[in-house]
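J.: Got a predicted structure here, sequence first:
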Amino acid sequence: MSEYKVSYRYAASLLDTAVEKNMLNDAAGDVELVYTTLKSSRQLETALSSPVIKQNVKLGILTALFGRKVKPETLNFLKFVVEKKRENLLESIAKIFLDLIDIQLGIVNVSVKSAVDFTAVQAENLKNNLEKHLNKKVKLRFSKDQSIIGGFIAQIGDTVFDASLKHQLEILRKQFLKGSASLN
């Protein structure tokens, strides 16, 4: 079975449990913490993926890291994943779980690239405009990309809204080239 399918099954199972126990928000916060921790620590990812490190040591690492920071149900899920020898998929499971929660709550994730950081007012205006346009709640994730010069690029799934200065200059260049070709 593919890694994605296995991760999806574990994530869906955790989602079902969170909905059943009416702890969706708690589970979302806990899994977000686990995901960002795994994403930011390659050493932790390496330790969890290592076949040399014993299961009880991996359980100890996860308990030490998350024992006091997450709900007992979340910690039990992490232990369950390790007991089933799927700890190498924890990051993938967490990512899929967060995506499933967003779908459940009707939230759309939008990746926004800009040359400079957005102010709080600009971010709120962008969020409000996108929510009106999409008729859904929007969660923005910002990153910087100096190559776009100014403006921003927003990506929602496969759809890209390119409001960058680089894109506008490219459009202008094409219009000039088209205009100069028609003059000859």
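T.: Okay, I see it.

J.: tell me the SS of residue 140?
T.: Put simply, residue 140 is strand when judged by DSSP: H, G, I helix; E, B strand; the rest coil.

J.: Mind listing the residues bridging to it?
T.: Counting by DSSP bridges, residue 140 forms beta bridges with residue 110.

J.: how far away is it from residue 8?
T.: 25 Å (C-beta to C-beta, to the nearest Å). For every residue, glycine as well, the C-beta is placed using N, CA and C.

J.: cool, residue 164 as well?
T.: From residue 164 over to residue 8 (counting by C-beta to C-beta), the distance is 34 Å.

J.: Nearest the geometric middle of this protein, what residue?
T.: residue 95 (6.2 Å; C-alpha atoms, centre = their mean).

J.: ok, and the closest non-adjacent residue to that residue?
T.: residue 35 (6.1 Å; C-beta to C-beta, 6 or more residues apart in numbering).

J.: element containing that neighbour, please.
T.: Here residue 35 sits within helix 24-40, counting by DSSP states H and E.

J.: buried set for that helix?
T.: 27, 28, 30, 31, 33, 34, 35, 37, 38 (16 or more other C-beta atoms under 10 Å).
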